[in-house]
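K.L.:
model this:
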Amino acid sequence: ILAIFISFLISYSISNPINSIMKLMKSVGEGKLNESSPIKGKNEIGQLSSSFNNMVDKVSDLILETRNTSK
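P.N.:
Numbers count the residues shown, from 1 in each chain. A predicted model of the protein is given here:
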């Protein structure tokens, strides 16, 4: 029973942050560019979260630049 409980905790600690990033990606895909991932850390999930935030910032900047150029 203890092994099952520990494996559940490990699984949850991996899948929960991934699900959070997936929800944010869907939101950004729907045009909500003010979203950012609060997940921090030096592991792979933290790096993915940081890269996601950088990508959203760059997309927002490019959209603003395009709007300003077209005026």
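K.L.:
Reduced to three states, what does residue 32 come out as?
P.N.:
Secondary structure assignment for residue 32 (DSSP: H, G, I helix; E, B strand; the rest coil): coil.
K.L.:
how much space between it and residue 19?
P.N.:
Distance of residue 32 to residue 19, computed by Cβ to Cβ, to the nearest Å: 17 Å. Every C-beta, even on glycine, is put in place using the N, C-alpha and C of the backbone.
K.L.:
which ones are touching the residue nearest the centre of the chain?
P.N.:
Centroid check for the chain by Cα atoms, centre = their mean gives residue 21 as the closest residue, at 3.6 Å. By Cβ atoms under 8 Å, 6 or more residues apart in numbering, residue 21 lies in contact with 37, 39, 45, 48, 49, 52.
K.L.:
same check, this time on residue 32
P.N.:
Applying Cβ under 8 Å, 6+ apart, we find residue 32 in contact with no residue.
K.L.:
per-residue confidence for it?
P.N.:
The per-residue pLDDT reported for residue 32 equals 92.
K.L.:
got it, and the one 3 residues further on?
P.N.:
pLDDT, residue 35: 88.
K.L.:
C-terminal to the top helix by length along the chain, which secondary structure element comes first?
P.N.:
Ranked by number of residues, the top helix in the chain under DSSP state H is helix 2-29. Past helix 2-29, further along toward the C-terminus, the next helix or strand under DSSP states H and E is helix 44-69.
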